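> Generate a structure from the sequence data that follows.
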Amino acid sequence: MTPDALLAELRTAIEAQNFPEIMTPAQAAQFLGVSEDYLRDHRKRRSGPPYSQPASKIVRYMRSDLIAWLNRSRIAA
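Prediction:
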């Protein structure tokens, strides 16, 4: 899938499912179309999207950060 197609699909998902501005890892994974393990691994390696950790076992993602991360990860074909 091309990056433009992926972004278009995500825009459609945002509109259809009305993802919240602040998401749990499960919501963020669904939003991105990846697993929670994928996000957990990237948090450990500090290579994934930005996240907040207000308490030791609480992780939250902002929708705008997820979209910005996708945009930074785009590869021109």
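> Spatially central residue for the protein, please.
Geometric centre of the chain, nearest residue: residue 66, 3.9 Å, by CA atoms, centre = their mean.
> Residue ranges in this protein under the pLDDT threshold?
Residue ranges of the chain with pLDDT under 70: 1, 13-17.
> residue boundaries of the strands in it?
22-23, 52-55, 58-62 (DSSP state E).
> Partner strands of the first one and their direction?
For strand 22-23, the paired strands and their directions (DSSP bridges) read strand 58-62 (antiparallel).
> Buried ones in the partner strand, by neighbour count?
59-62 (16 or more other CB atoms under 10 Å). Where you see a C-beta, it was placed from the backbone N, CA and C, and this is true even at glycine.
> tell me which of these is nearest to residue 27?
Proximity of the buried residues of strand 58-62 to residue 27 (CB to CB) peaks at residue 61, which lies at 7.7 Å.
> so that closest one touches residue 29, yeah?
No: using CB atoms under 8 Å, residue 61 makes no contact with residue 29, being 9.2 Å away.
> what do these two both touch?
Residues within reach of residue 61 and of residue 29 at once, by CB atoms under 8 Å, 6 or more residues apart in numbering, are residue 39.
> quick revisit: the strands of the chain into JSON lines, with extra columns for distance to residue 7?
Listed next are the strands of the chain as JSON lines, based on distance: least, CB to CB, whole Å:
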{"stretch": "strand 22-23", "distance to residue 7": "18"}
{"stretch": "strand 52-55", "distance to residue 7": "23"}
{"stretch": "strand 58-62", "distance to residue 7": "17"}
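> now for those, which one comes closest to residue 73?
Between those, strand 58-62 lies closest to residue 73; by CB to CB that is 14.8 Å.
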